[in-house]
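Q: heads up, no residue letters with this:
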């Protein structure tokens with residue numbers, strides 16, 4: 001997680017998780033609408049998760 005992602009997740013959380021998928025953006029956006037702090041916390045949790053590998 002880079003420094004700029006952390007700053008972006010504090011300023012506007014849905015934009016910070018833009019590359020994590022549509023579901024993450026929607027969840028973070030809804031939580032941001034409910035309150036700024038839940039949006040920031042969810043964005044930081046999503047950004048802190050390691051990339052999961054898909055087994056085909």
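A: Everything's here; your move. Quick caveat, the model's predicted, so the values are computed rather than measured. Numbers count the residues shown, from 1 in each chain.

Q: what's the closest non-adjacent residue to residue 18?
A: residue 25 (6.5 Å; CB to CB, 6 or more residues apart in numbering). C-betas here are computed from N, CA, C, even on glycine.

Q: can you tell me which helix or strand that neighbour belongs to?
A: If you go by DSSP states H and E, residue 25 is part of helix 22-34.

Q: average pLDDT across that helix?
A: Averaging pLDDT along helix 22-34 yields 93.

Q: Could you look up the next helix or strand downstream of that helix?
A: Past helix 22-34, the next helix or strand by DSSP H and E is helix 36-48.

Q: So which elements touch that next one?
A: helix 3-11, helix 13-16, helix 22-34 (3 or more CB pairs under 8 Å, 6 or more residues apart in numbering; DSSP states H and E).

Q: Return the set of buried residues in the helix holding residue 25.
A: 24-25, 27-29, 31-32 (16 or more other CB atoms under 10 Å).

Q: For those, give me CSV that also has distance to residue 14.
A: CSV is the format used below for the buried residues of helix 22-34 (distance: CB to CB, whole Å):
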residue, distance to residue 14
24, 9
25, 5
27, 9
28, 5
29, 4
31, 9
32, 6
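
Q: follow-up on the earlier one: what distance do you get for the residue nearest to residue 18 to residue 35?
A: 17 Å (CB to CB, to the nearest Å).

Q: same question, residue 43
A: 13 Å.
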